[in-house]
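Colleague: Prediction below, plus the sequence it came from.
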Amino acid sequence: MDLNDLVVHMEGVGVRRGDSDLLSDLTWSVELDERWVVLGSNGAGKTTMLRLAAAELHPTTGEVHVLGEKLGRTDVFELRPRIGFTSTALNGRVPADETVRDVVMSAGYAVVGRWRESYDQLDVRRAGEMLDALGVGHLAGRQFGTLSEGERKRTLIARSLMTDPEMLLLDEPAAGLDLGAREDLVERLSVLADDPDAPAMVLVTHHVEEIPPEFTHVLLLREGRMVTAGLIDDTLTSEALSETFGQNLVLERSKDRFFARRE
Ligand SMILES: Nc1ncnc2c1ncn2[C@@H]1O[C@H](COP(=O)(O)OP(=O)(O)OP(=O)(O)O)[C@@H](O)[C@H]1O
């Protein structure tokens, strides 16, 4: 396959910091219509992997291609607006008194070349559409600091979609949510994943319960190395999960959701 057709392509990638290998010999590709889940325990290297895909980090060894551009040979500042990236770290950087609408719209300010006035009107409309899609349109006028954790997460996902990215990267979007908020988010992400116009997606999580039904692929990571990767239906098994988390786990499937427990 032509590398230009791949949203992400990593070839023999390693990331080293001091004496530690955060990632080793990782080869992985994402196509435009794929929705990936990356699973692994604390410290497995999931966030490091996502930051490579977000063009926020360069590999120590190997090659990373993002949206057809090779990292190290491209201007990452031109690449980043084409990528939607949301993580808990971003949550803490948003000023509490900013309105929800502004939080979403400000993602678009990196997109230049439109006449200011029409730009604003278009942005207001698009921000509203993105918030509606995530079920938080009614909160557009509220201050971000007054939102619940689940509402904040959904606002930040709406923000990451604002620039119409070609790839959406979600780092533990359901962390810290209560059961209802988690279920709600999983459902929203499933609807988004099912939309043929939605960007390619990569979702990082520790929990199989958080895999949205419409996601297609899974990559399992342990101590910086890939355990296995492929279609969820073929790849996500009790054995693979046990190897990834280093304990005997039983994976159960109920309709289109997964559950795991120790044997
Ligand atoms: N700059 C650094 N120097 C040394 N070690 C680092 C550095 N950055 C990250 N690490 C280590 O690399 C490992 C992988 O980190 P990473 O954040 O990618 O893991 P993760 O799978 O996302 O973990 P978690 O699920 O806990 O968020 C961790 O052990 C972390 O402590």
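Modeller: In hand now; what should we look at? Numbers count the residues shown, from 1 in each chain.
Colleague: for the residue of the stretch 51-200 of the chain found nearest the ligand, what are its contacts?
Modeller: Residue nearest to the ligand within the stretch 51-200 of the chain (CB to the nearest ligand atom): Glu172, separated by 6.9 Å. Placement of C-beta: from N, CA and C, glycine included. Contacts here follow CB atoms under 8 Å, 6 or more residues apart in numbering; on that basis Glu172 touches Ser87, Thr88, Val204, Thr205, His206.
Colleague: again, 7 Å this time
Modeller: Counting by CB atoms under 7 Å, 6 or more residues apart in numbering, Glu172 touches Thr88, Val204, Thr205.
Colleague: do you know how far the last one is from the ligand?
Modeller: Distance of Thr205 to the ligand, computed by CB to the nearest ligand atom, to the nearest Å: 9 Å.
Colleague: Go ahead and confirm that residue touches Ser41.
Modeller: No - with contact defined as CB atoms under 7 Å, Thr205 and Ser41 do not form a contacting pair (11.3 Å).
Colleague: the more surrounded of the two?
Modeller: Thr205 (20 against 14; other CB atoms under 10 Å).
Colleague: can you pull the contacts of that one?
Modeller: With CB under 7 Å, 6+ apart, Thr205 has these contacts: Val37, Leu39, Glu172, Ala174.
Colleague: Pull up the gap between the third one and Val100, please.
Modeller: Read that as Glu172. Plainly put, Glu172 is 21 Å away from Val100 if you go by CB to CB, to the nearest Å.
Colleague: Most neighbours out of the contacts of Thr205, which is it?
Modeller: In terms of neighbours by other CB under 10 Å, the contacts of Thr205 top out with Leu39 at 27 neighbours.
Colleague: Show the contacting residues for that one.
Modeller: If you count contacts by CB under 7 Å, 6+ apart, Leu39 has them with Thr205, Val208, Val218, Leu220, Thr244.
Colleague: what's the helix or strand for it?
Modeller: Assigned by DSSP states H and E, Leu39 falls within strand 35-40.
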